[in-house]
Structures are given as C-alpha cells and as structure tokens.
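S.K.: prediction below, plus the sequence it came from.
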Amino acid sequence: MDKKISPTTPLSGLHSVIGNVTLKEVNPEIFCISIPKKMDKKVTSEFKRILKFDVPIIGQSSLNKNSTIRLIKNSLDQFFILFERNSEVAGVIKSLEKDFYITEQSDAWVGIEIFGKSSHNCLERICPLDLSAESFGVNTAVRTLMEHLNVLIIKTAEDSFLLLSASSSANSFLSAVETSAQNIV
C-alpha cells in the first residue's frame, strides 16, 4: 500500500454559487488569547505595540493594514486572532505568548465566507440577529446560533460575512447555509 496522506479541510475546499450568493470555505489560523489578571490594565497598549493596529471593543473586530490579521474581542478577557494562512503567525504569537495565554484552535473551526448581493437575505433566514447595516456594521463580530449550531459571525464588507462554526458539525453547518441560499433564489 503506497497511499499518500494529503491534508484536507472540513468542507474539501468548498466553492459554490447559489443564485446571488457565493459560498467559499476559508481556513484561517485561529488562536484564542486569554488575558491574565496582571495584564488587565495593559491589554490595549500591549496589543497595539505587538500588532501595530487598534484593539476593538467587545463585539467588534479590527484588521491590520495588510488585512492578513483580524483581532476579535469576544469578552473583557478574551480575544480571537485570525491569520491568513502563511502570514506572520509565528512572530506575532511568540510575542503575545510572553504576556498572554494562547491556545491554537484552527482545527476546531470550519470557516465559510458568504458574499454576494443576496448574502444578507440568506443569513437573515437562519440567524436571529438583526443584520441590518444600522445594527450590524462592517467588522462586527459576535457569537450566535444558526439553526442549532454555535456560530461566530463577522461582517467583513457590506455584502460579505465570515461564518465560523465547529468543524465537527461542518456538513450540518454547510447544509443550513446552502438550504437557506437555495430558498431565496
């Protein structure tokens, strides 16, 4: 048996178009950053020094100038940091590890980028949040439920969202999004 092992992703590189909605699997490197009590008052200045961009408020995200790193503030003492694959992960994480608790979580998540002029209509069918531009602006990042699944939804542009859910439920998650897209065509 001379079978080669090759890497795969939870949705096998999904890229599909359903009406005016495009679904594309994305695989950012994801790290959880927890803040020790001793760093409470220095979080913003340390993050800004290391990352070289502004730290968001809870429920928001911010990007570095190259759009290769996204920092999401989940709560008072927790952040997610997302890196495009093959970006500056090693250097940034090494700098952050000096003062913060870091957990690599990339394999635990499946990512779907949904975009197109009907992406909002697709998501409003399965997401209980008010996704209107007035309530859910670009760079908003919050946890919610879609169908029965826990999802982190990030608005990346006016008609574009990044959805992150548990990789163990990848096919159920994709089915919910695809079904919603098919029902608005």
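M.R.: That came in fine, so what should we check first?
S.K.: tell me the buried residues in whichever helix in the chain runs longest?
M.R.: The helix that spans the most residues within the chain, counting by DSSP state H, is helix 170-182. The neighbour-count check on helix 170-182 (16 or more other Cβ atoms under 10 Å) flags A170, F173, L174, A176, V177, E178, S180, A181 as buried. Placement of C-beta: from N, CA and C, glycine included.
S.K.: per-residue pLDDT, the first one?
M.R.: With respect to pLDDT, A170 has a value of 97.
S.K.: so what's it closest to, chain neighbours aside?
M.R.: P10 (3.7 Å; Cβ to Cβ, 6 or more residues apart in numbering).
S.K.: and the helices in the chain, which stretches?
M.R.: 43-51, 89-97, 119-124, 170-182.
S.K.: still on that earlier bit, thought the residue nearest to A170 was touching S167?
M.R.: Yes - counting by Cβ atoms under 8 Å, P10 does reach S167; the two are 4.5 Å apart.
S.K.: who touches S119 in this structure?
M.R.: Neighbour list for S119: N20, V21, T22, D159, S160, F161 [criterion: Cβ atoms under 8 Å, 6 or more residues apart in numbering].
S.K.: surely the second one and I114 touch.
M.R.: Yes - when contacts are counted by Cβ under 8 Å, V21 is listed as touching I114 (6.3 Å).
S.K.: shared neighbours of these two, anything?
M.R.: By Cβ under 8 Å, 6+ apart, the residues touching both V21 and I114 are C122, A181.
S.K.: counting contacts, what elements does the strand ranked longest in the chain pack onto?
M.R.: Selection of the longest strand in the chain by residue count, based on DSSP state E, yields strand 149-157. Judged by 3 or more Cβ pairs under 8 Å, 6 or more residues apart in numbering; DSSP states H and E, strand 149-157 is in contact with strand 69-75, strand 141-146, strand 160-166, helix 170-182.
S.K.: that strand pairs with which strands?
M.R.: Take DSSP bridges as the rule and strand 149-157 pairs in its sheet with strand 141-146 (antiparallel), strand 160-166 (antiparallel).
S.K.: that older thread, could you check the angle strand 160-166 makes with the longest helix of the chain?
M.R.: 150 degrees (axes from the mean of the first three to the mean of the last three Cα atoms, to 10 degrees).
S.K.: any low-confidence regions in the protein?
M.R.: By pLDDT under 70, the weakly predicted segments of the chain are 1-2, 86-87, 185.
S.K.: per-domain residue ranges of it.
M.R.: 15-27+108-182, 29-106 (automatic domain parsing).
S.K.: straight-line length of the last one, end to end?
M.R.: Spelled out, that is domain 29-106. Distance between the two ends of domain 29-106: 5 Å, counting by Cα to Cα, to the nearest Å.
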